[in-house]
Structure formats: structure tokens, C-alpha cells
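Asker: Sharing a sequence plus its predicted fold:
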Amino acid sequence: MLDILDHVGFPVSDYMRSKTFYSQALAPLGIVLLKEMSLSIDGSDDGYAGFGRGTRPQFWIGTGAALTGSLHIAFAAKDRDEVAAFYKAALAAGGRDNGPPGLRPHYHENYFGAFVIDPDGHNVEAVTHLPE
């Protein structure tokens, strides 16, 4: 089956802060920084960071005008322990609680997710749909 998304990206207000946040928060999910590109010729911190599993970056952040409003992004976790590890790591990296690990039966009976607010105010989630 073909995935519906190839990759997603958005600008952040502080590239280095967000790169550090996502590097730490996504590590428990096996999602790591795979590619970083600097578009700067003046030595500034401008750039783009691509995160993923394996060899293909699928989640990108970069410099630019920060979004107005907020977005929601959910990362797939292999199990409930991974969801909990994401939540703990994201809080330790400076994220704010937006819903601790737990079942969300209003979505469906096995929806287990955790939510944090990233440095730019975006709602970041880790989720698994598998039973215990």
C-alpha cells in the first residue's frame, strides 16, 4: 500500500532550539536527524533538518517565518512503552504537557497517545493503535 504522505515540513522560530527539541523528543521513537542542510553563506544558523527512521527523512523543520497558529503532527510508535518514552523525553527537552500517555477511547478502543507542545506551540503526539 502506498503511504499518503512522502514528507512534511514547516518553519520554526528558533532553528537550533527546535532541532535540539526534536532530536531529543523523537529519539525514543527511533526517529533521528538524518540530514541537515545549511542554506547560509554568512555562517548563520539558517538551515533545514530532516528526521526519519532508516535512510529517508520524512519530517523536516527549517528556518523561515514561523507559522501563525499551531499545527498538529502525530508520530507512529511501535507500542505503548514507546509512547510513554516519547512523552518523558519531550518534556525533558522543554516540551509542555498537552496530554499524558493514555488511552483515548473517543478515537477508538486501542488509541494510545501522548501529547506535548513544542517550542513554537505546535501539538506533537506519539501514538500507537495496537492493543497492549
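Answerer: Thanks, I have the structure now.
Asker: which residues in the protein form strands?
Answerer: 8-11, 32-37, 48-52, 59-62, 72-76, 96-97, 102-103, 112-117, 123-128 (DSSP state E).
Asker: and among those, the most buried is which?
Answerer: Comparing the strands of the chain by mean neighbour count (mean count of other Cβ atoms under 10 Å), strand 112-117 comes out on top with a mean of 23. The C-beta positions use only the backbone N, C-alpha and C, and glycine is treated the same way.
Asker: Between strand 123-128 and that one, find me the angle.
Answerer: If you take axes from the mean of the first three to the mean of the last three Cα atoms, to 10 degrees, strand 112-117 sits at 160 degrees to strand 123-128.
Asker: before we move on, back to that, include mean pLDDT and distance to K88 when you put the strands of the chain into CSV, please.
Answerer: Listed next are these as CSV, based on pLDDT from 0 to 100; distance: least, Cβ to Cβ, whole Å:
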stretch, mean pLDDT, distance to K88
strand 8-11, 94, 24
strand 32-37, 95, 17
strand 48-52, 96, 18
strand 59-62, 96, 20
strand 72-76, 96, 15
strand 96-97, 98, 11
strand 102-103, 98, 14
strand 112-117, 98, 9
strand 123-128, 97, 11
